[in-house]
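Enquirer: Sequence plus predicted model, see below.
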Amino acid sequence: MNAPAQPLPFLKGHGTENDFVIVPDPDGRLDLSAAAVARLCDRRAGIGGDGLLRVVRSAAHPEAAAMADEAEWFMDYRNSDGSVAEMCGNGVRVFARYLERAGLAEPGDLAVATRAGIRRVHLAKSNPDGTPGDVTVHMGRALLPPGEVTVTVGERSWPARNVNMGNPHAVAFVADLAHAGKLFDAPLVSPADAYPSGVNVEFVVDRGPRHVALRVHERGSGETRSCGTGACAVMVAAARRDGVDPAVTGSPARYTVDVPGGRLRIAEHPDGTVEMTGPAVIVAEGVIDPHWLATAN
């Protein structure tokens, strides 16, 4: 990477315990290599996180310049191994919370540019006790590619629903979340050509009417405490399994989705738009030693 001459500011935040290193880079001057991102996200030798959010003005980033008229800020999201990802639902909420904390956004509506397109965000006002309000993200429409998909862990296999929320998901309904195993390694998904760029895999159990719980293996990160796009994919898959399609009924479908790190509320509207609501918290800020970071290779 091209190391800055001065210590590099950072923040740490999480959304339902899906945690991120946040690096403000408004003018797009920082070139973070995959190795540098992985080092920053290392939980023993770095700051630690499931991924990294680089905060860049859309006009300053070649992948976002075309969206600059609609969204001032671009979320350059990287997985913890340094690979690039199209979207991160929990990351968008934390990204918006950072903008609010930095005085770059006010409670209310704003737009965030991502590699999966523009995401509309609503920042609720603070709660009466002074804690931050929840953040709602318009996650776009779910795509349901045709074809059968199978997920395998050890000797168990399950049919899975292929759902794309700007990034790819395989959603498997299981009898017990423990059947997913330790999820250190990616579950086997077949056919292999169903997900040429890799896939996030969700294992889902029922908790009650329109209430489910999940565990997830995120490509490039392993098992995480939460996955926002995964929760949305799970909601849509659960609704279709339950015979619910808002485009047919004309009424929104609302599900509660429990993740290991908390709870998200997901709604799908008759026009196909999926909304996710949940918390977003900034827990710390500081500076990164540029000489330490420069040794990443």
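Expert: Great, that's in hand.
Enquirer: list the contacts for Lys182?
Expert: Applying CB atoms under 8 Å, 6 or more residues apart in numbering to Lys182 gives the contacts Glu223. Heads up, the C-betas are built off the backbone N, CA and C, glycines and all.
Enquirer: my guess is it is in a strand, correct?
Expert: No - counting by DSSP: H, G, I helix; E, B strand; the rest coil, Lys182 is located in no strand; its state is coil.
Enquirer: Please shift the residue numbers so they start at 850 in all later answers.
Expert: Sounds good: first residue 850 from here, last item Lys1031.
Enquirer: do you know how far it is from Arg927?
Expert: 24 Å (CB to CB, to the nearest Å).
Enquirer: And the strands in the stretch 1000-1146 of the chain, which stretches?
Expert: 1005-1013, 1017-1022, 1037-1039, 1049-1057, 1060-1067, 1071-1073, 1102-1108, 1111-1117, 1122-1127, 1130-1137 (DSSP state E, counting those that start in this stretch).
Enquirer: Looking at these, which is nearest to Ala951?
Expert: Closest approach to Ala951 among these is made by strand 1130-1137 (9.6 Å; CB to CB).
Enquirer: Would you mind pulling up the elements that that closest one packs against?
Expert: Packed against strand 1130-1137 by the contact rule (3 or more CB pairs under 8 Å, 6 or more residues apart in numbering; DSSP states H and E) you find strand 857-864, helix 938-950.
Enquirer: Tell me which of the ones you listed is the most buried.
Expert: Mean neighbours per residue, mean count of other CB atoms under 10 Å, is largest over the helices and strands packed on strand 1130-1137 for helix 938-950, with a mean of 26.
Enquirer: Would you mind listing where this protein has pLDDT under the threshold?
Expert: Under the criterion pLDDT under 70, the flagged ranges of the chain are 850-854, 1146.
Enquirer: Pick out the residue nearest the middle of it.
Expert: Using CA atoms, centre = their mean, the residue of the chain that lies closest to the mean C-alpha position is Cys937, 2.3 Å off.
Enquirer: re earlier: can you lay out the helices and strands packed on strand 1130-1137 as a markdown table showing distance to His1066?
Expert: Output for these, formatted as a markdown table (distance: least, CB to CB, whole Å):
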| stretch | distance to His1066 |
| --- | --- |
| strand 857-864 | 18 |
| helix 938-950 | 15 |
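Enquirer: quick one: which of the strands of the stretch 1000-1146 of the chain is nearest Val872?
Expert: strand 1130-1137 (8.1 Å).
Enquirer: Partner strands of the closest one, with direction?
Expert: Here strand 1130-1137 is paired, per DSSP bridges, with strand 857-864 (antiparallel).
Enquirer: following the strand it pairs with, which helix or strand shows up next?
Expert: Tracing the chain past strand 857-864, the next element assigned as helix or strand by DSSP states H and E is strand 867-873.
Enquirer: Of all the residues in the helix or strand just after that next one, which ones are buried?
Expert: With elements assigned by DSSP H and E, the helix or strand that comes after strand 867-873 is helix 883-890. Buried residues in helix 883-890, defined by neighbour count with 16 or more other CB atoms under 10 Å: Ala885, Val886, Ala887, Arg888, Leu889, Cys890.
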